Structure formats: structure tokens, C-alpha cells
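> Turn this into a model:
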Amino acid sequence: MGTRTRELEELYRLRYPHFVRVAAAIAGDVEAGRDAVQTAFATAVRKRRAFRGSGPLEAWVWRIVVNEARRLRRAAPPPRPAGEE
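Okay, the predicted model is just below:
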């Protein structure tokens, strides 16, 4: 296992709750936030060689998490008005 993969695993372990809180706020609910974080970290691991190291790894991962949460929010059906079933 490479150094970058270990760094991503450590970041996931240490910051998961914070990533989920922010992603949930963006995506609209906790489950969507969890999905966004899981997908974002899978993307980060898959694209870890694309990280150039010009900034912090955590900032790079945050950008992926935020983008995924936004994507889920856009893909979600619009909320129904109150009282409508």
C-alpha cells in the first residue's frame, strides 16, 4: 500500500464525522452526506496519483467531497411542498 493511500485512510478515519456533517448540509440529508463522503473517498483513492502535492491533501479531498455533495443535491428530486402527498 502506498504512502498516499495510507494518508487518505488516516484522513478518512480522523475526519469522517466532519466530512459527513458538511456533505449532509450541502446534499440535504445525512444519508446523502454519507454517500457523498464514501463516493468522494473512493474517487480520491482512484485518482490519488493526480494529486500533485501543491497544497494540502485534505484540501484536495474536501473539494472532491463538496463537489460530490453538490452533485447529489442536484440529482435529488425537488422537495414536495408541505401538505402535499
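
> tell me the centre residue of this structure?
Central residue of the chain (Cα atoms, centre = their mean): residue 65, 2.5 Å from the mean position.

> Tell me the buried residues in the strand or helix carrying that residue?
Under the criterion of DSSP states H and E, residue 65 resides in helix 57-75. Under the neighbour-count criterion of 16 or more other Cβ atoms under 10 Å, helix 57-75 has 57, 60-62, 64-66, 68-69, 72 buried. (Glycine included, C-beta is placed from N, CA and C.)

> Pull the distance from it to the chain's centre.
Relative to its parent chain, helix 57-75 has a centroid offset of 5 Å by Cα atoms, centre = their mean, to the nearest Å.

> by contact count, what packs against that helix?
Helices and strands touching helix 57-75, by 3 or more Cβ pairs under 8 Å, 6 or more residues apart in numbering; DSSP states H and E, are helix 3-27, helix 30-46.

> In CSV, list the C-alpha atoms belonging to that helix.
Output in CSV follows, covering the C-alpha atoms of helix 57-75 (Å, rounded to 0.1, in the frame of the first residue of the first chain):
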residue,chain,number,x,y,z
LEU,A,57,-4.1,16.6,0.7
GLU,A,58,-7.1,17.4,3.0
ALA,A,59,-8.0,20.4,0.9
TRP,A,60,-7.9,18.3,-2.3
VAL,A,61,-10.2,15.7,-0.6
TRP,A,62,-12.6,18.5,0.7
ARG,A,63,-13.0,19.7,-2.9
ILE,A,64,-14.0,16.2,-4.0
VAL,A,65,-16.4,15.8,-1.1
VAL,A,66,-18.1,19.2,-1.7
ASN,A,67,-18.4,18.5,-5.5
GLU,A,68,-19.9,15.1,-4.8
ALA,A,69,-22.4,16.5,-2.3
ARG,A,70,-23.4,19.2,-4.8
ARG,A,71,-23.8,16.6,-7.5
LEU,A,72,-26.1,14.5,-5.2
ARG,A,73,-28.1,17.6,-4.3
ARG,A,74,-28.7,18.5,-8.0
ALA,A,75,-29.7,14.9,-8.8
